[in-house]
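Undergrad: Test case, fold it:
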Amino acid sequence: ATWAGVTLNKAFIQFGGLTAGRAASFFDFWTGNTYGSWFEPAHSDTNVNLLGYTFSFGNGISATVSLEDRSSGNAGRMYIGGVPGAPVPQGTYPYAGVKTTDVVANVNVTQAWGSAQLMGALHDDYAAVNGKLGFAIGGGVTVNLPALGASDTLSIQAAYSKGAVSYVAPDWSGAYSYDFWVNGNTIEQTTAWSIGAGFTHSWTKTLSSSLEASYAKFDASNLANDYAQIDLQARLQILQVAIA
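TA: Numbering: from 1, shown residues only. Presented below is the predicted three-dimensional model:
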C-alpha cells in the first residue's frame, strides 16, 4: 500500500500462531541471496494482506494455512503482463474482479542443518465469462555450510504453476506473462515453472559474496508468447557495523 509517496512494506500482528496484516506470503521460502539487486532470479517474493495460522509440531516442524488477498502485494498476484496492471497482448483485461482470496499452505522444517519447505496455493482465475481454478506448488531447501564459513548457505528451490504465474516468478523482465486469457467463453490458463539456486559465502563478519542463478519457462499454449528466461546474479555485500 502507498500513501503520498510512502510505501508500507510490512505491518502485521502475531499472537500465538496467528499472523494478520501485511506480511510475506506463506508460499515464499527462498527469496534470493543478492538482496536489492536490479534483477533477481525467478522466485516468489511478495508481501500481501493475509490472515494465517501456523501450527507448531515441535522439533522445528510447522505447518501454515493462510488466506491471502491476491489483489494486494508488491509483485501482484493477478498477473496480466510484464508488470502488474499491464495489458495482455489482446489488449483486454482478463480479470473480472476479486471474489475469493488465495488459499496458501506450507509445511516447513527448520533445524541446525538448515531448513526446507513444501508449499502450495489455490488461485481463482475469475473472468467475466466464468472462472477456473489455478494453482501453484513448490519446494525448497537451504543448507548451512559451516565447514566453508560460519554463515555460509546453499539454497535450491523449484516451483510450478497453472494460471498463477507470480508464484513462480513475479518479475519476467517486461515480457507478457499473464495468468490466463479469454477465448470466447473459455478461460485458457498459462503454465510456468522455475528452478533456482543461490550460494552465499562470508569472508569476514562484514564482508560476504553471493552467487545465484535460475531458469524459468513460461508457456502460453498455442500463442506465440512462450519463452524461457535465464538469470545469473553475483554480488559483493559489505555490512555496516556500528561501533560504540
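Undergrad: Next SSE downstream of the particular helix or strand that has residue 50 in it?
TA: Element membership for residue 50 (DSSP states H and E) is strand 47-58. Next helix or strand after strand 47-58 toward the C-terminus (DSSP H and E): strand 61-68.
Undergrad: ok, and for that following strand, which residues are buried?
TA: Using 16 or more other Cβ atoms under 10 Å as the test for burial, strand 61-68 gives 62, 64, 66-68. Placement of C-beta: from N, CA and C, glycine included.
Undergrad: Also stretch 50-60?
TA: Those would be 50-52, 54, for stretch 50-60 by 16+ other Cβ under 10 Å.
Undergrad: Return it as CSV; C-alpha atoms alone will do.
TA: The C-alpha trace of stretch 50-60 is given here as CSV (Å, rounded to 0.1, in the frame of the first residue of the first chain):
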residue,chain,number,x,y,z
LEU,A,50,-3.2,-12.0,4.8
LEU,A,51,-4.6,-13.9,7.7
GLY,A,52,-2.7,-17.1,8.5
TYR,A,53,-2.3,-19.6,11.3
THR,A,54,0.9,-21.6,11.9
PHE,A,55,0.7,-25.0,13.7
SER,A,56,3.9,-26.0,15.5
PHE,A,57,4.6,-29.7,16.0
GLY,A,58,7.9,-29.3,17.8
ASN,A,59,11.4,-30.2,16.7
GLY,A,60,11.4,-27.3,14.2
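Undergrad: residues in contact with that stretch?
TA: 12, 17-23, 25-26, 62-69, 104, 109-111 (Cβ atoms under 8 Å, 6 or more residues apart in numbering).
Undergrad: How about residue 219: which residues does it bridge to?
TA: Taking DSSP bridges as the rule, residue 219 bridges to residue 191.
Undergrad: Residue 115 too?
TA: In beta-bridge terms (that is, DSSP bridges), residue 115 pairs with residue 110, residue 142.
Undergrad: For the buried residues of stretch 50-60, give me CSV that also has distance to residue 99 and pLDDT.
TA: CSV is the format used below for the buried residues of stretch 50-60 (distance: Cβ to Cβ, whole Å; pLDDT from 0 to 100):
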residue, distance to residue 99, pLDDT
50, 17, 95
51, 17, 97
52, 20, 97
54, 26, 98
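Undergrad: out of those residues, who's nearest residue 94?
TA: Nearest to residue 94, judged by Cβ to Cβ, of these is residue 50 at 23.7 Å.
Undergrad: mind checking how far that closest one is from residue 131?
TA: With distances taken as Cβ to Cβ, to the nearest Å, residue 50 is found 21 Å from residue 131.
Undergrad: ok, now residue 44?
TA: 22 Å.
Undergrad: So those two - more neighbours on which side?
TA: residue 44 (27 against 16; other Cβ atoms under 10 Å).
Undergrad: The more buried one is in what secondary structure piece?
TA: Per DSSP H and E: nothing holds residue 44, as it lies in no helix or strand.
Undergrad: Do you know the pLDDT at it?
TA: At residue 44, the model reports a pLDDT of 85.
Undergrad: Residue 189: which of the buried residues of stretch 50-60 is nearest?
TA: residue 50 (23.6 Å).
Undergrad: Next one: residue 123, what pLDDT does it get?
TA: What the model reports for residue 123 is a pLDDT of 95.
Undergrad: wait, it sits on residue 70?
TA: Yes. With contact defined as Cβ atoms under 8 Å, residue 123 counts as touching residue 70 (6.4 Å).
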